[in-house]
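J.: Let me see the structure of the following:
(chains A and B)
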Protein chains: 2
Amino acid sequence: MTAPEARVEVQRHADRGEYDLGVIYAILDEALYCTVGFIDDGRPVVIPMIHVRVGDRLVLHGSPASRMLRILKAGADVAVSVTLLDGLVLARSVFNHSMNYRSVVLFGTGAAIDDPADKLEAMRVFTEKVLPGRWDDARPPSEKEFKGTLMIGIPIDAASAKIRSGPPSDDEQDLDLPVWAGVIPFRTIPGEPIPAPGLSTAIEYPRYLREKYPG
Amino acid sequence: MTAPEARVEVQRHADRGEYDLGVIYAILDEALYCTVGFIDDGRPVVIPMIHVRVGDRLVLHGSPASRMLRILKAGADVAVSVTLLDGLVLARSVFNHSMNYRSVVLFGTGAAIDDPADKLEAMRVFTEKVLPGRWDDARPPSEKEFKGTLMIGIPIDAASAKIRSGPPSDDEQDLDLPVWAGVIPFRTIPGEPIPAPGLSTAIEYPRYLREKYPG
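T.: Numbers count the residues shown, from 1 in each chain, chains lettered A, B, ... in the order given. Next up, the predicted model:
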């Protein structure tokens, strides 16, 4: 692994830094949304967005009227962060409490995805990432909807992951304190699906959704 | 409710904008981490951080050596975003798929919290927000740890929430398509607590944790 460029190098807790693309891709793929940072009128702005990874690009989408997407389309510098929270870390001391997490930060500049085949593929991935099987079931995008979606691709070539996992790191002299220490893991689970009001009772919850979201 | 200043006004899906401080505070209080955006060397940077709200301020903490906290301490413009993902929204058409969420974006400038009583109170809130009862059980911060923590407070006076909830919004002409539509809700749940390696078996998982994190 070559050394990361200075901009993406993890500064705080450098031991938690990861620069392997496989690790970075896995975190980006698991996260359901990201936070996009950019500069507007000289000031920082952050906005949560749904994202997908298509090959070596991170892709955002939205209305062509979106201020953020217009700024990105124009080639402005952008920073994107995703975070997966894995658990609470309880140390014997207040000071050493922490969280277990996997995060990615990437820097770059975006460009519109104009090629119709690339754009359609990105749309497919937006649907299939979260809802495998859905693309072949729901009504496909109309020409108007297709034109009314702006896709921005950002090359993932300046990115780093930061990961904390495992037990608390207590100070040696705290190890014998009579205080419970350990990790409380978190996981996000899907609940019972709620049919849309007015949905025909003849339409069953699809089998392709049941696998990932049994309810 | 007075009109929001332009900077915090929700632009896309303006109907999803909320400017009520009670709504904004509730989202900030539920979220376990935020994403902080700032400008470094002329470029946008985003970093995930644990936060708490203490009264009308959002508070971040970390090492005095943190590049981000040093920039914020110097009074740089900052943007902070938190997002709670509540579910997947499945429409009859690919285009109208969405997510249910509650998010907050706030803009401001930070300042170090130097008053020792204020700083200690913020430390207490960092612990008690997530782990009620923990502050009185774990070893309190030493003088060295107290001095080795930089607390930055950001007034919550330019903030907005954006919320999507409820069923999909399908186009009228799609309502009779034979496609399941509705919401798959998400929730994050704590798993079985994992004691730290070497923890004395005489130390039981505390009762004050059992209420919120039964395992």
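
J.: Please enumerate the helices of chain A.
T.: Assigned by DSSP state H, the helices in chain A fall at A:21-30, A:67-73, A:116-130, A:143-147, A:207-212.

J.: Pick the most buried one from those helices.
T.: When neighbours are counted by mean count of other C-beta atoms under 10 Å in any protein chain shown, the highest per-stretch mean among these falls to helix A:67-73, a mean of 20. Yep, even glycine has a C-beta here, placed from its N, CA and C like the rest.

J.: In terms of secondary structure, what does the lowest-mean-pLDDT helix or strand in chain A contact?
T.: One helix or strand of chain A scores below all others by mean pLDDT, DSSP states H and E: strand A:17-18, with a mean of 86. Using 3 or more C-beta pairs under 8 Å, 6 or more residues apart in numbering or on different chains; DSSP states H and E as the contact criterion, the secondary-structure elements in contact with strand A:17-18 are strand A:159-164.

J.: if we can go back for a sec, where does the least confident helix or strand of chain A sit relative to the chain's centre, distance-wise?
T.: Centre-to-centre, strand A:17-18 and its host chain are 17 Å apart (C-alpha atoms, centre = their mean, to the nearest Å).

J.: Direction included, what does it pair against?
T.: Applying DSSP bridges to the sheet, strand A:17-18 is found paired with strand A:159-164 (antiparallel).

J.: what pLDDT, on average, does the partner strand get?
T.: Averaging pLDDT along strand A:159-164 yields 96.

J.: Check stretch A:66-86 too.
T.: Averaging the model's pLDDT scores along stretch A:66-86 yields 97.

J.: Quote the end-to-end distance of it.
T.: Across its full length, stretch A:66-86 reaches 32 Å between end residues, using C-alpha to C-alpha, to the nearest Å.

J.: For chain B, tell me whether that stretch is touching it.
T.: Yes: Stretch A:66-86 is in contact with chain B by C-beta under 8 Å from any C-beta of the partner chain, via A:66-67, A:77-81, A:83, A:85.

J.: Let's see if you can find the most crowded of the residues you listed.
T.: The member of these surrounded by the most neighbours (other C-beta atoms under 10 Å in any protein chain shown) is A:Ala79, with 28 neighbours in all.

J.: Can you give me the distance of that one to A:Pro190?
T.: In this structure, A:Ala79 and A:Pro190 are separated by 30 Å, where distance is defined by C-beta to C-beta, to the nearest Å.

J.: quick one: pLDDT of the closest residue to A:Glu145 other than its chain neighbours?
T.: Computed as C-beta to C-beta, 6 or more residues apart in numbering or on different chains, the closest residue to A:Glu145 that is not its neighbour in sequence is B:Phe95, at 4.2 Å. B:Phe95 is assigned a predicted lDDT (pLDDT) of 97.

J.: Nearest residue to the residue sitting nearest the centre point of chain A in space, ignoring adjacent ones along the chain?
T.: Geometric centre of chain A, nearest residue: A:Ala31, 3.4 Å, by C-alpha atoms, centre = their mean. If the residues on either side of it in the chain are set aside, A:Ala31 comes closest to A:Val82, at 3.8 Å by C-beta to C-beta, 6+ apart.

J.: Bridged to that neighbour, which residues?
T.: Under the criterion DSSP bridges, A:Val82 forms beta bridges with A:Val104.

J.: correct me, but it touches A:Ile50?
T.: No: between A:Val82 and A:Ile50 there is no contact, the gap being 11.0 Å when judged by C-beta atoms under 8 Å.

J.: out of these two, which sits in the busier spot?
T.: Per other C-beta under 10 Å, whichever of A:Val82 and A:Ile50 has more neighbours is A:Val82, with 25 against 20.

J.: Spit out the contact partners of that one.
T.: A:Val82 makes contact with A:27-28, A:31, A:33-35, A:51, A:103-104 under the criterion C-beta atoms under 8 Å, 6 or more residues apart in numbering or on different chains.

J.: how near is the residue of chain A most remote from its centre to B:Gly75?
T.: Distance from the C-alpha centroid of chain A peaks at A:Asp176, with 39.5 Å (C-alpha atoms, centre = their mean). Per C-beta to C-beta, A:Asp176 is found 44 Å from B:Gly75.

J.: just A:Thr83 next, same as before
T.: Here the criterion is C-beta to C-beta. By it, A:Thr83 lies 26 Å from B:Gly75.

J.: how about A:Ser81, what does it touch?
T.: Contacts of A:Ser81 (C-beta under 8 Å, 6+ apart): A:34-35, A:37, A:103-106, B:35, B:46-48.

J.: 6 Å instead?
T.: Residues counted as contacts of A:Ser81 (C-beta atoms under 6 Å, 6 or more residues apart in numbering or on different chains) are A:35, A:105, B:35, B:46, B:48.

J.: And A:Val94, by the same measure?
T.: Neighbours of A:Val94 in contact, by C-beta under 6 Å, 6+ apart: B:127, B:138, B:141.

J.: and the last one, how many neighbours?
T.: This points to B:Pro141. For B:Pro141, the neighbour count with other C-beta under 10 Å is 19.

J.: which residues sit in contact with it?
T.: Here B:Pro141 is in contact with A:94-95 (C-beta under 6 Å, 6+ apart).

J.: burial count for A:Ile113?
T.: That count, for A:Ile113 with other C-beta under 10 Å as the rule, works out to 23.

J.: Now it: closest residue in space that isn't a chain neighbour?
T.: Counting by C-beta to C-beta, 6+ apart, the residue nearest A:Ile113 is A:Met151, at 4.0 Å.

J.: gap between that neighbour and chain B?
T.: When distance is defined by C-beta to the nearest C-beta, to the nearest Å, A:Met151 is 13 Å away from chain B.

J.: Now do the strands in chain A.
T.: Listed in chain order, the strands of chain A (DSSP state E) span residues A:17-18, A:34-40, A:43-49, A:51-54, A:57-62, A:77-90, A:98-109, A:111-112, A:150-155, A:159-164, A:182-190, A:194-195.

J.: Let me have those in JSON lines, extended by distance to B:Leu21.
T.: Below are the strands of chain A laid out as JSON lines (distance: least, C-beta to C-beta, whole Å):
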{"stretch": "strand A:17-18", "distance to B:Leu21": "38"}
{"stretch": "strand A:34-40", "distance to B:Leu21": "22"}
{"stretch": "strand A:43-49", "distance to B:Leu21": "20"}
{"stretch": "strand A:51-54", "distance to B:Leu21": "30"}
{"stretch": "strand A:57-62", "distance to B:Leu21": "28"}
{"stretch": "strand A:77-90", "distance to B:Leu21": "25"}
{"stretch": "strand A:98-109", "distance to B:Leu21": "27"}
{"stretch": "strand A:111-112", "distance to B:Leu21": "38"}
{"stretch": "strand A:150-155", "distance to B:Leu21": "33"}
{"stretch": "strand A:159-164", "distance to B:Leu21": "32"}
{"stretch": "strand A:182-190", "distance to B:Leu21": "28"}
{"stretch": "strand A:194-195", "distance to B:Leu21": "30"}
